[in-house]
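1. Build me a model:
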Amino acid sequence: MELKQLKGVLEGLLFVSGDEGLSVKQLKDVLSVDTETVYVLLDELKYDYEHNQRGLSILEQKEVFFLTTKPEHALYYEKMKETTISSRLSQAALETLAIIAYQQPITKVEIEEIRGVKSDGPVQTLVSRFLIEECGRKETSGRPILYQTTKEFLTFFGLTSLEELPPLPDEDFNEAVQEADLFFNES
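-> Below you'll find the predicted structure:
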């Protein structure tokens, strides 16, 4: 099979692999080609997506490749979502998600210490929407569950890695929350 045909097969494989993606080894085995050829095909496909005004791109995370939408088109995806009947995240869920994104891995108790309220509901909502996941247990008494964000979180917000999260303000996150509480409770 010639390279042009293999590139089409590779594109289809990435599409059907969905959220799981495919490693170079998997691609090499399925396509029956060497590692160098896999990288050539991936590079050509990336080039096509970048230079032909296409709506897709190839994302690499931890040596696994995914077919994903382009972050610069996120506004249109959001508009589409607004026209559907899906429910939005509550303020509590958004606060919880922000805490997890910046402090991960983190336990529910640690989340509740930062928020100052119980977080069972928001954590459950975020897990059910695949934005966060369990990632082990903390080595302390009771061995509480640790949470982290998922690939779906990155995709939803158009990020390729957590390093792309906007920086937090210079002051400590907890101090900012406490100051806001004091300000609003004085009136």
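2. gap between M1 and V38?
-> Distance from M1 to V38, counting by Cβ to Cβ, to the nearest Å: 14 Å. (Glycine included, C-beta is placed from N, CA and C.)
3. Neighbour count: those two, which is higher?
-> Comparing M1 with V38 by other Cβ atoms under 10 Å, the one with more neighbours is V38, at 23 against 10.
4. pretty sure that one is in a helix, no?
-> Yes: counting by DSSP: H, G, I helix; E, B strand; the rest coil, V38 is part of a helix.
5. wait, what's in contact with it?
-> For V38, the contacting residues are L10, V24, L27, K28, L31, by Cβ atoms under 8 Å, 6 or more residues apart in numbering.
6. which secondary element of the protein has the worst mean pLDDT?
-> helix 173-186 (a mean of 55; mean pLDDT, DSSP states H and E).
7. And the spatially most central residue of the chain, which helix or strand is it part of?
-> For the chain, the residue nearest the mean C-alpha position is L154 (2.1 Å; Cα atoms, centre = their mean). Per DSSP states H and E, L154 falls inside helix 151-156.
8. May I see the buried residues of that helix?
-> With burial defined by 16 or more other Cβ atoms under 10 Å, the residues of helix 151-156 counted as buried are K151, F153, L154, T155, F156.
9. Thought F130 was touching the last one, still the case?
-> No: the pair F156 / F130 is not scored as a contact, 9.0 Å apart, by Cβ atoms under 8 Å.
10. where does E110 land in three-state SS?
-> Secondary structure assignment for E110 (three-state DSSP): helix.
11. The buried residues of helix 151-156: which two are farthest apart?
-> Maximum pairwise distance among these (Cβ to Cβ): 9.5 Å, between K151 and F156.
12. what sits in contact with each of the two?
-> In contact with both K151 and F156: no residue, using Cβ under 8 Å, 6+ apart.
13. Just the helices from the chain, written as ranges.
-> According to DSSP state H, the chain carries its helices in the segments 3-17, 24-31, 35-51, 74-83, 91-103, 108-115, 120-128, 151-156, 173-186.
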